[in-house]
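# Predicted model and sequence follow; I will ask about them next.
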Amino acid sequence: MTEEKVKDEAMQIIGMFQILPRLVVFDLDYTLWPFYCECRSKREMPSLYPQAKGILSALKEKGIEMAIASRSPTSDIANTFIDKLNIKSMFVAKEIFSSWTHKTEHFQKIHTRTTVPFTAMLFFDDEDRNIKSVSKMGVTSILVGNGVTLGALRQGLTEFSQNHNTIEKNKHVWRNKYSGKAASSETDKD
């Protein structure tokens, strides 16, 4: 499937959802590209997974901001590859550094830089430990097997929408529960 066809299909998928994330965050290694940066040389010409560029382009065109959260110990190589792939301008934040925090530190920095709440973020990564730790922060997190794909995008947007609806229902229940008590205790005083 060509990049343009992937972009068109991604645009259709995004268009199916009324509730969209304000920020989509991607891991790099084995999520956007099929290798570990530290095993490569800056002189090489990298490549993205087949559907990655079309998905990035569709998100950009739809006005959805994007960021990178990578625990790569070779941020210099990662940044060089991002430049070579002409995708640097697509990202509002790039947090690329080695860490033992399973990306929670990366997300704290992304949140500080963008002010986007964790519950308004969607995250794609190939490591279950990162998915688990970032999910606990309130970020909708999707585990990818062979890089980001149209299927992963659809799954991510579906889960994001479901999580958003659950949060809104809980807010509504909470407001009714506590505003109702406050109102009834006011009438009890009379």
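In hand now; what should we look at?
# Do a quick rundown of the helices in this protein.
Here the chain has its helices, by DSSP state H, at 3-15, 52-61, 75-84, 104-114, 128-135, 150-189.
# right, so of those, which gets closest to Leu23?
Evaluated over the helices of the chain, closeness to Leu23 peaks at helix 104-114, with 6.0 Å, by C-beta to C-beta. In short, each C-beta sits where N, CA and C put it, glycine included.
# Out of the helices of the chain, flag the one nearest Ala120.
Here helix 150-189 is closest among the helices of the chain (C-beta to C-beta), at 8.4 Å.
# Highest mean neighbour count across the helices of the chain, which stretch is it?
helix 52-61 (a mean of 21; mean count of other C-beta atoms under 10 Å).
# ok now do Arg40, which residues does it touch?
When contacts are counted by C-beta atoms under 8 Å, 6 or more residues apart in numbering, Arg40 touches 46, 77, 81.
# how far away is the first one from Asp83?
It stands for Pro46. From Pro46 across to Asp83, the span is 10 Å (C-beta to C-beta, to the nearest Å).
# next one: the second one
Ile77 is 11 Å from Asp83, where distance means C-beta to C-beta.
# how about low-confidence regions in this structure?
169, 171-172, 180-190 (pLDDT under 70).
# switch the cut-off to 50
182-190 (pLDDT under 50).
# got a markdown table for the contacts of Arg40, with distance to Asn176 too?
Output for the contacts of Arg40, formatted as a markdown table (distance: C-beta to C-beta, whole Å):
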| residue | distance to Asn176 |
| --- | --- |
| Pro46 | 52 |
| Ile77 | 53 |
| Phe81 | 51 |
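# just curious, which of these is nearest to Pro21?
Nearest to Pro21 among the contacts of Arg40, counting by C-beta to C-beta, is Phe81 at 24.7 Å.
# list the contacts for that closest one?
Counting by C-beta under 8 Å, 6+ apart, Phe81 makes contact with 33, 37, 40, 46.
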